[in-house]
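**Q** Generate a structure from the sequence data that follows.
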Amino acid sequence: MLSALAVSLALHVALQEPWAGVLLVTVALAFGLPQLRARQRLRQLLSSGNLNAILELWNDAIDGLPHYRTVGPLIRATALAAHGLTERARGVLDRAERGLAWENALEHRLFVETLLDAFEGRRLQALDKARALRVLPLPASPWAKSRATTLRSAAGALARAFAHCPEKGDAARLSAAAEHHPLVCWAMRYALAVLHIDQGRRDEALALIRTAPVWPEGSAFNAFQQEIVERVGGRYRA
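**A** Residues are numbered from 1 along each chain as shown. Down below sits the predicted model:
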């Protein structure tokens, strides 16, 4: 945010004092570009399907967190769920230490369990958990509130897509989460593809998953990929 403000200020000054503007733009880019590139690399990694690389990046940081015996499994389970590895995700959650941190992580747990239930075909359970997630109090911070609203809405839209009972605006909810939260990008894309197929937009469904990565063995996304391609009559990576 600060980098963006600096660039905006530099561009404004450039219109008034060209030489000063050039200097400010140079300074702003020198400080801002490395951060932007690092963020872009992280976004690319999170949406790459490379689960091992993601967990390797996080492992040291996770083990240094407070209540890491609770928080660590929740974070790892989120990554596993986001790659369609439902059985492994549930196994990790079962090993999480119960306590105050577990109770305080209710929103995180409901989000992960909504994904898992939806991917496993437990449609009613996924819908129930998405509803429970939606009515939780929102954070006070504007940034956290915006993030929570986007992810809660997307979880509900995902559950409804897999239950074949979408609501108006669900496509936009799934698209927003896929764009702004790269870790769950492919989970949201598969849900959006299902929604498109149900509404007769088969070309859009195939376009969404055509560039999907190769998923690990045991991932529910392998079955989703095959079913979507077969139902739209297309050819994967054709």
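
**Q** Just the buried residues of stretch 72-92, please?
**A** Of the residues in stretch 72-92, those with enough neighbours to count as buried (16 or more other Cβ atoms under 10 Å) are 72-86, 88-90, 92. Bear in mind the C-beta positions are built from the backbone N, C-alpha and C, glycine included.

**Q** what do you get for stretch 142-157?
**A** Judged by neighbour count (16+ other Cβ under 10 Å), stretch 142-157 contains these buried residues: 148, 150, 151, 152, 153, 154, 155, 156, 157.

**Q** got a pLDDT number for residue 187?
**A** With respect to pLDDT, residue 187 has a value of 97.

**Q** show me the contacts for residue 110.
**A** For residue 110, the contact set (Cβ atoms under 8 Å, 6 or more residues apart in numbering) comprises 129, 130, 132, 133, 136, 155.

**Q** Most neighbours among those, which one is it?
**A** In terms of neighbour count, residue 155 stands highest of those at 30 neighbours, by other Cβ atoms under 10 Å.

**Q** In three-state terms, how would the residue nearest to it when sequence neighbours are not counted be classified?
**A** Computed as Cβ to Cβ, 6 or more residues apart in numbering, the closest residue to residue 155 that is not its neighbour in sequence is residue 114, at 4.6 Å. Per DSSP: H, G, I helix; E, B strand; the rest coil, the secondary structure class of residue 114 is helix.

**Q** any idea of the pLDDT on residue 114?
**A** We have a pLDDT of 98 for residue 114.

**Q** ok, back up a step: with respect to residue 42, which of the contacts of residue 110 is nearest?
**A** Taking Cβ to Cβ as the measure, residue 42 sits nearest to residue 155 out of the contacts of residue 110, at 22.4 Å.
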